[in-house]
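Student: Here's my sequence, what's the structure:
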Amino acid sequence: MKKLFDKTAKTVTSAAASAICAIIRAKSTLTCNRGESFVDTAVKILIAIVIGALVLAGLYLLFSGTILPTLTQKIQEMFNYGG
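Tutor: Numbering: from 1, shown residues only. You can find the predicted model right below:
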């Protein structure tokens with residue numbers, strides 16, 4: 001009977017210690033101050049804007065220099081059925 005009581009006491013003590021550790025971990029996680037600041041977010045937004053502007057400028061150059069003149073030439077050739 002003493003072994004049963006000792007084993008039960010050990011189990012209860014272990015469970016209590018685990019619960020206390022879990023509570024301490026949860027408390028430290030909830031009170032943690034680490035994370036993203038406003039400066040980090042602003043830098044990410046600026047990087048996104050710059051990359052977007054570069055992509056749009058590249059597409060504009062591609063369309064105005066390569067695609068549109070070729071398209072215009074093909075349309076003129078298609079409708080220029082000499083009289």
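Student: Go through the biggest helix by length in the chain and flag the buried ones.
Tutor: The residue-count maximum for a helix in the chain (DSSP state H) belongs to helix 2-30. For helix 2-30, the neighbour count (16 or more other C-beta atoms under 10 Å) marks no residue as buried. In this view, the C-beta of every residue, glycine as well, is placed from N, C-alpha and C.
Student: Contacts for the helix or strand just after that helix next, please.
Tutor: Downstream of helix 2-30, the first helix or strand assigned by DSSP states H and E is helix 38-62. Around helix 38-62, nothing counts as a contact under C-beta atoms under 8 Å, 6 or more residues apart in numbering.
Student: Can you tell me which residue sits nearest the middle of this protein?
Tutor: Lys44 (10.5 Å; C-alpha atoms, centre = their mean).
Student: per-residue pLDDT, that residue?
Tutor: For Lys44, the model assigns a pLDDT of 92.
Student: Quick check: the gap between it and Gly58.
Tutor: 21 Å (C-beta to C-beta, to the nearest Å).
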